[in-house]
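**Q** I would like to see how this sequence folds:
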Amino acid sequence: GAAAGTRQVDAQERRALPRVGLLLANEGPARNGILQSLTARGYVDGKTIRIEHRQAQGRLERLPELARELVALPVDVMVSVAASATVAARQATGSIPIVMVHAGDPVGQGLIDSLARPGGNVTGTTSYSEQLVTKAVDLLRELAPNIQSLAVLVVPSNSGTRLAVEQAQLAAARFGFKLKVVGVERAEELEAAFSEITRVGSDALLVSGEPMLFTNRSRVVGFAARAGLPTIYTIGEFVRDGGLIAYGPIFGAHHQLAADYVERILNGAMPSELPVAQSTHFELLINLKPA
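**A** Okay, the predicted model is just below:
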């Protein structure tokens, strides 16, 4: 009887703990970074909060279903990593607070009213920068000054792709490159995309930070090495795994900020009144071996 009573109390305590839903587009450093940042603030899974994980493994079409699962539990706040995850979360709920992490262009995507006053149930951080792709192309041009044609590898269904392509088009026009945009939705289509890049005779390659491409980064890096293509990435893990050069935001800072937003919301703050944070620190990585 005493044991049964203890189990009942434990179950009641578990139900009483705040629930935080973590919606991830792919496996990466964000999950551990956010959990570590929460732990540093005293939010420990199973003790002071409950963490519910959902991860799409780079298959963006799964995100809406996973977001609905978290809403149905329900969770008290949802943390969405990547722009597509935030779009799926916002489509699933207009009431549960959402903390987006390094989203693309949240204003352009209709997720918030403005960075200063989001106005709805979404706040968090954005890695969007109008100059990011232009700067990346400029660095690639400095590294390989004889470039005449540039291929851009993207996932068309990703909510941030349109913006990245527009920036690449402006950069190509500025530097006088021919531009070839190659879209790929699933991992099964990567070889066909690689063949297309080779067929059009591109001199260099820009790989955008798409969740599916990140999940399959060893294949992308391997293709660039075999083809001898100078390739720049917008996420540093590609270079840490053998790629040539990367330029992009330091995402670890976003993970710390996400924990701060979660804490403030659990303490009663309204996401509509929490300004969205932008990237302020960027990193340039060059791998000397492929260089």
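**Q** how about the helices in the stretch 51-200 of the chain?
**A** When secondary structure is read from DSSP state H, counting those that start in this stretch, the stretch 51-200 of the chain shows helices at 63-72, 83-92, 132-143, 161-175, 190-199.
**Q** and those helices: which comes nearest residue 269?
**A** Minimum separation from residue 269 across the helices of the stretch 51-200 of the chain (C-beta to C-beta) falls at helix 83-92, 18.1 Å. For glycine as for every other residue, the C-beta is placed from the backbone atoms N, C-alpha and C.
**Q** give the other helices and strands that the closest one contacts.
**A** Contact here means 3 or more C-beta pairs under 8 Å, 6 or more residues apart in numbering; DSSP states H and E; on that basis helix 83-92 packs against strand 19-24, helix 63-72, strand 77-81, strand 98-103, strand 122-126.
**Q** C-alpha coordinates for stretch 142-156, PDB please?
**A** The C-alpha coordinates for stretch 142-156 follow below in PDB (Å, rounded to 0.1, in the frame of the first residue of the first chain):
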ATOM      1  CA  GLU A 142      38.800  34.900 -53.400                       C
ATOM      2  CA  LEU A 143      39.700  31.300 -52.800                       C
ATOM      3  CA  ALA A 144      39.300  30.300 -56.500                       C
ATOM      4  CA  PRO A 145      39.500  33.500 -58.600                       C
ATOM      5  CA  ASN A 146      39.000  31.800 -61.900                       C
ATOM      6  CA  ILE A 147      35.400  30.700 -61.200                       C
ATOM      7  CA  GLN A 148      33.000  31.500 -64.000                       C
ATOM      8  CA  SER A 149      30.000  29.300 -63.100                       C
ATOM      9  CA  LEU A 150      28.500  28.500 -59.800                       C
ATOM     10  CA  ALA A 151      26.100  25.800 -58.800                       C
ATOM     11  CA  VAL A 152      23.900  26.100 -55.700                       C
ATOM     12  CA  LEU A 153      22.600  23.000 -54.000                       C
ATOM     13  CA  VAL A 154      19.300  23.500 -52.200                       C
ATOM     14  CA  VAL A 155      16.100  21.800 -51.000                       C
ATOM     15  CA  PRO A 156      13.200  23.600 -52.700                       C
END
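**Q** is it possible to get CSV of the helices of the stretch 51-200 of the chain that adds mean neighbour count and mean pLDDT?
**A** Shown next, in CSV, are these (neighbours: other C-beta atoms under 10 Å; pLDDT from 0 to 100):
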stretch, mean neighbour count, mean pLDDT
helix 63-72, 18, 97
helix 83-92, 26, 93
helix 132-143, 20, 90
helix 161-175, 18, 88
helix 190-199, 15, 96
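**Q** quick one: which of the ones you listed is nearest residue 153?
**A** For those, proximity to residue 153 was assessed by C-beta to C-beta; helix 190-199 is nearest, at 6.4 Å.
**Q** gap between the closest one and the chain center?
**A** 24 Å (C-alpha atoms, centre = their mean, to the nearest Å).
**Q** toward the C-terminus, what is the element adjacent to that helix?
**A** Beyond helix 190-199 on the C-terminal side, the first helix or strand identified by DSSP states H and E is strand 204-207.
**Q** of all the helices and strands packed on helix 83-92, which one comes closest to residue 203?
**A** Counting by C-beta to C-beta, residue 203 lies closest to strand 98-103 out of these; the figure is 29.8 Å.
**Q** ends of stretch 90-97, how far apart?
**A** The stretch stretch 90-97 measures 9 Å between its terminal residues, going by C-alpha to C-alpha, to the nearest Å.
**Q** just to revisit the earlier point, now the helices and strands packed on helix 83-92 as TSV including distance to residue 276?
**A** Below are these laid out as TSV (distance: least, C-beta to C-beta, whole Å):
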stretch	distance to residue 276
strand 19-24	18
helix 63-72	20
strand 77-81	13
strand 98-103	8
strand 122-126	6
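**Q** which one of the ones you listed lies closest to residue 55?
**A** Evaluated with C-beta to C-beta, the helices and strands packed on helix 83-92 place strand 19-24 nearest to residue 55, the distance being 4.3 Å.
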